[in-house]
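>>> Pasted the sequence and its predicted model underneath.
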Amino acid sequence: MNDAATRPFRGPRAYTTFIGIGLLAGLLSGLFGVGGGTVIVPLLVLFLHFDQRLAAGTSLAAIVPTAAVGVISYAASGSVAWIPALILAAGAVVGAQIGTRLLPRISQTALRWGFVGFLLVVIVSLFLVIPSRDAPFDLTWISGIALVVVGVGTGVLAGLIGVGGGVIVVPVLMLAFGTSDLVAKGTSLLMMIPTAVSGTFGNLRNRNVDLLAAALIGVAACTTTALGAWLATLIDPGTGNILFAAYLVVIAVQMALKAIRGREKKD
């Protein structure tokens, strides 16, 4: 095991950073229905020089309480599709195993560019399709099968490039299934919980989790997740789409930079 994965990140600066990252991740998690890993991982690497694997494992552990508070907040307004979320989660758990096995065989650079392309399509679509706030999720045999496919695909991408499910599931539920933006976000957060728990157990076995950091980030995130979920109910769907598109632009830029760096290392 490398030194980066075993070195403790402690002291007032580290604790303050953990709490600050958690507050920001919780707000965005509640507002957009995402786990917050796209915020937690890069900030841990940037500010505290976490090893990438340790940052990802710590982030996944912190997502569990964050998503749980988010689900409770959205459930209070009836904005969680429980059975579809469980179907998505089951597919994602299976997909993650497939993704990790495919990891050594597929070009990371090509995958990242492909995901950037997917995000660009989603960003454009968010300006063309405005979801109805009152649209329910109608579960049928066809939509159920489609959910399994989406869940497996989400899990595969998570296993391959470490992308959280919310970034994929929320826009897909809104754009492809015609679901309300609030239901899409609440359902996405519920889907993440079993997936994150499963991944965290694996990371603990491999010692890829800083438990103290995960606890501080997770507790801090819980204090702002409900606020983010409340703000989501106040923002109209059109404005919500614009804000979510801006968030996806940030993620697309992060992924593009990783793809460029990966190509430079090969060259």
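Yes, it's here.
>>> In this structure residue 197 contacts residue 64, no?
Yes: counting by C-beta atoms under 8 Å, residue 197 touches residue 64, with 5.9 Å between them. All C-beta spots, glycine's among them, are computed from the backbone N, C-alpha and C.
>>> Tell me which of those two has more neighbours.
Just comparing residue 197 and residue 64: by other C-beta atoms under 10 Å the higher neighbour count belongs to residue 64, 19 against 16.
>>> Secondary structure class of the nearest residue to the more buried one once chain neighbours are set aside, three-state.
Counting by C-beta to C-beta, 6 or more residues apart in numbering, the nearest residue to residue 64 once its immediate chain neighbours are dropped is residue 196, at 4.9 Å. At residue 196 the chain is in helix, as set by DSSP: H, G, I helix; E, B strand; the rest coil.
>>> go on, residue 86?
Three-state assignment for residue 86 (three-state DSSP): helix.
>>> Do you have the helices of the stretch 51-200 of the chain handy? List them.
For the stretch 51-200 of the chain, helices defined by DSSP state H, counting those that start in this stretch occupy the ranges 52-75, 82-102, 108-128, 141-161, 166-175, 181-205.
>>> pLDDT value on residue 71, please?
The model reports residue 71 with a pLDDT of 94.
>>> With residue 162 instead?
If you check residue 162, the pLDDT there is 63.
>>> Number the residues from 654 up from this point.
In the new numbering, first residue 654, that becomes residue 815.
>>> List the contacts of the residue lying closest to residue 686 once chain neighbours are set aside.
What sits nearest to residue 686 in space, not counting adjacent residues and going by C-beta to C-beta, 6+ apart, is residue 838, at 2.6 Å. With contacts defined as C-beta atoms under 8 Å, 6 or more residues apart in numbering, the neighbours of residue 838 are 685-686, 723, 727, 732, 819, 823, 882, 885.
>>> Swap in 7 Å and give it another go.
Residue 838 makes contact with 685-686, 727, 823, 885 under the criterion C-beta atoms under 7 Å, 6 or more residues apart in numbering.
>>> where's the dip in pLDDT among these?
Of all the contacts of residue 838, residue 686 has the smallest pLDDT value, namely 86.
>>> Make sure that one is actually in contact with residue 842.
Yes: Residue 686 lies in contact with residue 842 (C-beta atoms under 7 Å); the separation is 5.5 Å.
>>> Low-confidence ranges, the stretch 654-803 of the chain, go.
Judged by pLDDT under 70, the stretch 654-803 of the chain has its weakly predicted residues at 654-661, 753, 756.
>>> Tell me how far residue 690 lies from residue 818.
To residue 818, residue 690 is 9 Å away according to C-beta to C-beta, to the nearest Å.
>>> Just want to know which of these two has more residues nearby.
Taking residue 690 and residue 818 together and counting by other C-beta under 10 Å, residue 818 has the greater number of neighbours (30 against 27).
>>> what's the burial count for the closest residue to that one other than its chain neighbours?
Once its chain neighbours are removed from consideration, residue 818 has its nearest residue in residue 807; the separation is 4.8 Å (C-beta to C-beta, 6+ apart). Under the neighbour criterion other C-beta under 10 Å, residue 807 is assigned a count of 29.
>>> So residue 807 versus residue 792, what's the distance?
From residue 807 over to residue 792 the distance is 18 Å, taken as C-beta to C-beta.
>>> swap in residue 827?
For residue 827, the distance to residue 792 (C-beta to C-beta) stands at 16 Å.
>>> With residue 800 instead?
Relative to residue 792, and taking C-beta to C-beta, residue 800 is found at 8 Å.
>>> Overlap in contacts, these two.
When contacts are counted by C-beta under 7 Å, 6+ apart, residue 800 and residue 792 are jointly contacted by residue 737.
>>> Looking at those two, which is more packed in?
Counted by other C-beta under 10 Å, residue 800 and residue 792 do not tie: residue 800 has more neighbours, with 28 against 14.
>>> Understood, closing this out.
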